[in-house]
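Chemist: Just to be clear, the model below is a prediction. Sequence and coordinates:
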Amino acid sequence: MLVTAAIGAVGTVTLYDSEAEVQHSNEVYTGLERLLSLARDAESGQRGYVITGRDEYLQPYLQAEPQIGAQLDHLDVLIKGSPVQEQRLAQLGGLLEAKRRELSSVIELRRTQGFGPAQAIVLNDSGRTFMDRA
């Protein structure tokens, strides 16, 4: 009877540990989805501005931009201690930083040189390439 109780206790502890791992994985997954959603929002705002030249179309970009860094920091905390995940997040962070520079430069190009030069950069499919790599 004592052995059965011990086996039951070990099973219960294992179950709680597994549940905690699943919950943690879900939190990381949700954080990644949020991060990519912010990147899409920033890109949508940039494209809306490129097309129209009207500042109000930049709102999604302006709202998403500061949140991207905060979301990366949040994910960094969640995956601490997992070298493989830390490496992957660093790669994603590098991709996002390049994307953020591109978005910013296209907005500035639209402001200073007009629609044509900005459109040429948007049409080079870097947005699709970014999302595929991310």
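Modeler: That came through fine.
Chemist: Tell me the buried residues in the helix or strand that contains Leu103?
Modeler: Per DSSP states H and E: Leu103 is located in helix 83-113. For helix 83-113, burial by neighbour count (16 or more other Cβ atoms under 10 Å) applies to 89, 92-93, 95-96, 99-100, 102-103, 106-107, 109-110. In short, each C-beta sits where N, CA and C put it, glycine included.
Chemist: Make TSV from those residues and add pLDDT to it.
Modeler: Putting the buried residues of helix 83-113 into TSV (pLDDT from 0 to 100) gives the following:
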residue	pLDDT
Leu89	96
Leu92	94
Gly93	95
Leu95	92
Leu96	93
Lys99	91
Arg100	93
Glu102	92
Leu103	94
Val106	94
Ile107	96
Leu109	95
Arg110	96
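Chemist: Mind checking what secondary structure Gly81 has?
Modeler: Of the three states, Gly81 takes coil under DSSP: H, G, I helix; E, B strand; the rest coil.
Chemist: just the angle between the lowest-mean-pLDDT helix or strand in the chain and helix 83-113, please?
Modeler: Every helix and strand of the chain was ranked by mean pLDDT, DSSP states H and E. The lowest is helix 126-133, at a mean of 76. Counting by axes from the mean of the first three to the mean of the last three Cα atoms, to 10 degrees, helix 126-133 lies at 180 degrees to helix 83-113.
Chemist: Cool, thanks, signing off.
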